[in-house]
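Participant: sequence and predicted structure, then a few things I'm wondering about:
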Amino acid sequence: MRCCSHNSGKTVNFNVEGMSCQHCKGAIEKALNELGVNNVKVDLDGKKVAVNFNTDKVKEDDLKKAITDAGYEIKN
């Protein structure tokens, strides 16, 4: 039996345009962390953001909105 019954989270990946420096990385991490996500990984070279979050607390649309509100564009 597992010690914790909570959901460990879902990971989604976004292709994000407009990230070019450590400031961009920090801005995206801050915006997403303010939502209470579990983990954020920003790959500046690959223009990708991976976010692990609890689906009971945060919705994927909230993640997208945080990224776009921070000034970045999500590509499909």
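Facilitator: Nice, I can see it. All figures in this text were calculated on a predicted structure; none of them were measured in a lab.
Participant: list the buried residues in the strand or helix carrying Lys41.
Facilitator: Assigned by DSSP states H and E, Lys41 falls within strand 39-43. Residues of strand 39-43 classed as buried by neighbour count (16 or more other C-beta atoms under 10 Å): Val40, Val42. Backbone N, C-alpha and C define where each C-beta goes, glycine included.
Participant: following element in sequence after that strand, please.
Facilitator: Moving toward the C-terminus from strand 39-43, the next helix or strand (DSSP H and E) is strand 48-53.
Participant: which strands and helices sit next to the helix or strand that that next one is followed by?
Facilitator: As assigned by DSSP H and E, the chain's next helix or strand after strand 48-53 is helix 60-69. In this structure, helix 60-69 makes packing contacts with strand 10-17, helix 22-33, strand 48-53, strand 73-75, judged by 3 or more C-beta pairs under 8 Å, 6 or more residues apart in numbering; DSSP states H and E.
Participant: most centrally placed residue in this structure?
Facilitator: For the chain, Val51 is the residue whose C-alpha lies nearest the centre (C-alpha atoms, centre = their mean; 3.7 Å).
Participant: wait, it touches Val16, no?
Facilitator: No: using C-beta atoms under 8 Å, Val51 makes no contact with Val16, being 10.8 Å away.
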